[in-house]
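Participant: pasting the structure only:
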């Protein structure tokens, strides 16, 4: 026994020594190319995700933005998935702030942590890629997407489709909305959706369901089936993973669906073309572009830290996915959507928002379109 | 404006309730059979999750829904056997083993998914198969009844047959008698020569098979892909259903149906703009009531022993 332990120890020590030697031997050759571009010149960007990648929308889009920063701006990047345990977020933030990163990107649920820590690390630069909070620290640049504007377009589209004579549209003037939770971030979509639908179809009725969960596609499908069985012929999913179930329901019931955050038709295009064809469009947040633009502006020295910037239709921060399935829509619907798009961009149409509205006000709107 | 009754008294609602009940019933049968053998399997949630992924993966690579289902069942069987090995052979606490299994499934499924598809969220990029819906001849043509009973996924019918099968095995066969006696009084069973360990192995393995079918229903029947954490608490609700059913097959089936109906109701009643939060607590209120029933039962048992 002792002998084996001795041998093992010897091997261990030897191997450490050898690695050290080989490591030392390699150093000059390894560092030569790096020597031309010292670390100080290269922009170092870290993305802290309050959750995990693979949501097919929000965080994946942020990661895509970081990929753009890496490939187009030549920055050194790293993404840290902090998981869903919110108690681990602050230590991760402190680690990143103590490190030699130039820009620390995060957003949504970490806004508060970011604004507190940014004050303690005034030399660091922070980008908050999604927050509705308008006050930010001096060294934080924060962004928000006018989801109400793109939802207005989605609503207008749904309102037009349901009264059109499209193949899968029915006679009833009813459209659907599936929200992940009854919270301002989701209701901002709802308000835009209802306003948009009413603008083109004043008598339209909207079936509104909330799943109470962003990760239960079976529940999403069940709620979707209820909506389609009750006369909705098109429904808008704003429920992350749960919402994918609604798209399944659309396929089963031969109805239409509208995707969210990323171009969801592209998700299924290769594996299930029939399902993809039911997703007439998606309300897309261009988080990837927004992150890329912000880092680019930082590099050019034009990024205004300490400011909250809202990007909407006019800034191309949000928009409907104009893919091959969208192109198949009747021309007059596409024309009308285009006209509305231009009006929003010019500021002729002001879309309401759920932020700052009371529950009673939102309820009133919900009641007004109740089937 | 539609009234409550108009919405509930439709074939669509009954159909939806049956569909929602299916995965719960499978998992509850799994809970039942292991519990009756005295080895509470709280790893059902994790087993369902792993089986759901296995169904998608096996069916995508073989392009056969049947092999996908068999793969899901196999993975369910293997994971439950693993739990059995750790708890029966290596004497780990069965509750701790179950918790570990759930955590393992949670992370492990994402790891496998990422390894195979490069995606951590859903398996949408895998062309997996779905199990067929069955239209029962003759019955399908009967108005209302046909609409409710016919046209379900094949696994829904298997679930109903499984419930009958479990009842038959437990009440009418030698194996069932042994399972019950091992659960009731281990030492008494041992004294008459019953191999306690073997019986518990069998019971846990069977519970894995049922949870496996429940998982397959989620990813190959309900929807056509796997997504992370898609069992979404169904394994836990099933434990409550089993407890509420007081460990009987009929009781467990009926309480599974109750949970299913409550869930379907919470989906359907949203049409009336009743605050969603209020409706959504229905299944959980039912769960709390169920757990209360369980607690009372346990207390009485202890009193009886004392």
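Facilitator: Great, that's in hand. Treat the numbers as computed from the prediction; the structure is a model and nothing was measured.
Participant: so what's the residue of chain A found nearest chain B closest to, chain neighbours aside?
Facilitator: Closest residue of chain A to chain B, Cβ to the nearest Cβ: residue A:54 (2.6 Å). Using the backbone N, CA and C atoms, a C-beta is placed for each residue, glycine as well. Counting by Cβ to Cβ, 6 or more residues apart in numbering or on different chains, residue B:120 is the residue found nearest to residue A:54 once chain neighbours are left out, at 2.6 Å.
Participant: from what I can see that neighbour touches residue A:53, true?
Facilitator: Yes. Here residue B:120 reaches residue A:53: they are 5.1 Å apart, a contact under Cβ atoms under 8 Å.
Participant: end to end, how far does stretch A:246-266 reach?
Facilitator: End-to-end distance for stretch A:246-266: 16 Å, by Cα to Cα, to the nearest Å.
Participant: what about residue A:288, distance to residue A:47?
Facilitator: 11 Å (Cβ to Cβ, to the nearest Å).
Participant: What of residue B:138?
Facilitator: 60 Å.
Participant: Look at the two and report which has more neighbours.
Facilitator: Neighbour totals were compared for residue B:138 and residue A:47, and residue A:47 leads with 26 against 8 (other Cβ atoms under 10 Å in any protein chain shown).
Participant: which SS class is the closest residue to chain A within the stretch 51-200 of chain B?
Facilitator: Using Cβ to the nearest Cβ, the single residue of the stretch 51-200 of chain B nearest to chain A is residue B:120, 2.6 Å away. Classification of residue B:120 using DSSP: H, G, I helix; E, B strand; the rest coil returns coil.
Participant: OK, contacts around residue A:189?
Facilitator: A:147-148, A:151, A:177, A:179, A:236, A:238, A:260, A:283 (Cβ atoms under 8 Å, 6 or more residues apart in numbering or on different chains).
Participant: Among the residues you listed, which one has the most neighbours?
Facilitator: Comparing the contacts of residue A:189 by number of neighbours (other Cβ under 10 Å), residue A:236 comes first, having 32 neighbours.
Participant: Sticking with it, tell me its helix or strand.
Facilitator: According to DSSP states H and E, residue A:236 maps onto strand A:232-238.
Participant: tell me what that strand is packed against?
Facilitator: On a contact count with 3 or more Cβ pairs under 8 Å, 6 or more residues apart in numbering or on different chains; DSSP states H and E, strand A:232-238 meets helix A:147-163, strand A:174-179, helix A:184-200, helix A:217-229, helix A:240-253, strand A:256-261, strand A:279-285.
Participant: residues contacting residue B:41?
Facilitator: By Cβ under 8 Å, 6+ apart, residue B:41 lies in contact with B:30-31, B:34-35, B:47, B:80, B:83, B:94, B:98, B:204, B:207-208, B:211.
Participant: Whichever of these end up buried, select them in ChimeraX.
Facilitator: One line in ChimeraX is enough to select the buried ones among those; burial here means 16 or more other Cβ atoms under 10 Å in any protein chain shown:
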select /B:30,31,34,35,47,80,83,94,98,204,207,208,211
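Participant: quick revisit: count the residues that sit near the residue of chain A closest to chain B.
Facilitator: Using other Cβ under 10 Å: residue A:54 sits among 21 other residues.
Participant: Test my guess that it contacts residue B:124.
Facilitator: No. If you go by Cβ under 8 Å, residue A:54 and residue B:124 don't touch, sitting 10.7 Å apart.
Participant: Around chain B, pick out the residues from the stretch 251-371 of chain A.
Facilitator: Proximity of the stretch 251-371 of chain A to chain B, by Cβ under 8 Å from any Cβ of the partner chain, involves residues A:267-268, A:270-272, A:366-367, A:370-371.
Participant: which of the residues you listed are buried?
Facilitator: A:267-268, A:271-272, A:366, A:371.
Participant: could I get the residues you listed as TSV with distance to residue A:135?
Facilitator: Listed next are these as TSV, based on distance: Cβ to Cβ, whole Å:
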residue	distance to residue A:135
A:267	36
A:268	41
A:271	45
A:272	45
A:366	30
A:371	40
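Participant: how about those residues in TSV, adding secondary structure and pLDDT?
Facilitator: Shown next, in TSV, are these (DSSP: H, G, I helix; E, B strand; the rest coil; pLDDT from 0 to 100):
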residue	secondary structure	pLDDT
A:267	helix	81
A:268	helix	84
A:271	coil	81
A:272	coil	84
A:366	helix	87
A:371	coil	80
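Participant: Let me see the contact set for residue A:179.
Facilitator: A:186-187, A:189-190, A:208-211, A:238-239.
Participant: With residue B:190 instead?
Facilitator: Contact analysis of residue B:190 by Cβ under 8 Å, 6+ apart lists residue B:196.
Participant: Distance of it relative to residue B:178?
Facilitator: In terms of Cβ to Cβ, residue B:190 sits 11 Å off from residue B:178.
Participant: For residue A:320, which non-adjacent residue is closest in space?
Facilitator: residue A:281 (4.7 Å).
Participant: For the one you found, give the beta-bridge partners.
Facilitator: Under DSSP bridges, the beta-bridge partners of residue A:281 are residue A:258.
Participant: With that, I have no additional questions.
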